[in-house]
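Enquirer: coordinates only, sequence not included:
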């Protein structure tokens with residue numbers, strides 16, 4: 001799958017205020033990651049801290065919090081990682097699942113997921 005970015009909106013935990021940014025779609029990442037400064041501005045607070053392994057195998061400690069996100073006309077509550085200022089925002093698999101969106105790799109876009117039992 002090629003890497004591509006999509007516009008997303010990250011909101012405060014109550015869904016009253018949102019900020020737009022572009023995020024790379026990364027189904028290899030479990031969680032969505034957003035710069036900590038933006039989350040702080042929106043009043044999102046880390047609820048816990050966890051160590052994650054980066055793609056290069058390096059362990060790194062990240063704060064996790066819950067907030068609102070809008071993508072492609074859909075809005076849900078989701079868990080986000082508090083990224084550094086130099087980190088590229090990522091849209092991870094957990095959030096895509098919550099939004100019921102999946103990746104169309106041929107056209108590098110998000111599409112609505114079809115339910116299967």
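Expert: Okay, I see it. Quick caveat, the model's predicted, so the values are computed rather than measured. Residues are numbered from 1 along each chain as shown.

Enquirer: which phi and psi does the residue nearest the centre of the chain have?
Expert: The residue lying closest to the centre of the chain (CA atoms, centre = their mean) is residue 32, at 2.3 Å. Main-chain torsions, residue 32, degrees, to the nearest 10: phi -80, psi 140.

Enquirer: Just to check, it is in contact with residue 97?
Expert: No - assessed by CB atoms under 8 Å, residue 32 is found out of contact with residue 97, at 11.1 Å. C-beta here means a position set from N, CA and C on the backbone, and glycine is covered the same way.

Enquirer: any idea how far residue 38 lies from residue 108?
Expert: Per CB to CB, to the nearest Å, residue 38 is found 25 Å from residue 108.

Enquirer: okay, those two: which has more neighbours?
Expert: Taking other CB atoms under 10 Å, residue 38 and residue 108 do not tie; residue 38 has more neighbours (17 against 14).

Enquirer: Now do the contacts for the more buried one.
Expert: Each residue near residue 38 by CB atoms under 8 Å, 6 or more residues apart in numbering is listed here: 10, 19, 21.

Enquirer: Filter those down to the buried ones.
Expert: Listed as buried from those are residue 10; burial here means 16 or more other CB atoms under 10 Å.

Enquirer: In JSON lines, list the contacts of residue 38 along with distance to residue 70 and secondary structure.
Expert: Shown next, in JSON lines, are the contacts of residue 38 (distance: CB to CB, whole Å; DSSP: H, G, I helix; E, B strand; the rest coil):
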{"residue": "10", "distance to residue 70": "8", "secondary structure": "strand"}
{"residue": "19", "distance to residue 70": "10", "secondary structure": "strand"}
{"residue": "21", "distance to residue 70": "11", "secondary structure": "strand"}
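
Enquirer: Relative to residue 63, which of the contacts of residue 38 is nearest.
Expert: residue 10 (14.6 Å; CB to CB).

Enquirer: surely the closest one meets residue 39?
Expert: Yes - contact criterion CB under 8 Å: residue 10 and residue 39 qualify, at 7.3 Å.

Enquirer: Find the residues that touch each one of those two.
Expert: 67, 80.

Enquirer: Okay, buried residues for the longest strand seen in the chain please.
Expert: Assignment by DSSP state E gives strand 59-71 as the longest strand of the chain. Residues of strand 59-71 classed as buried by neighbour count (16+ other CB under 10 Å): 62-63, 65, 67-71.
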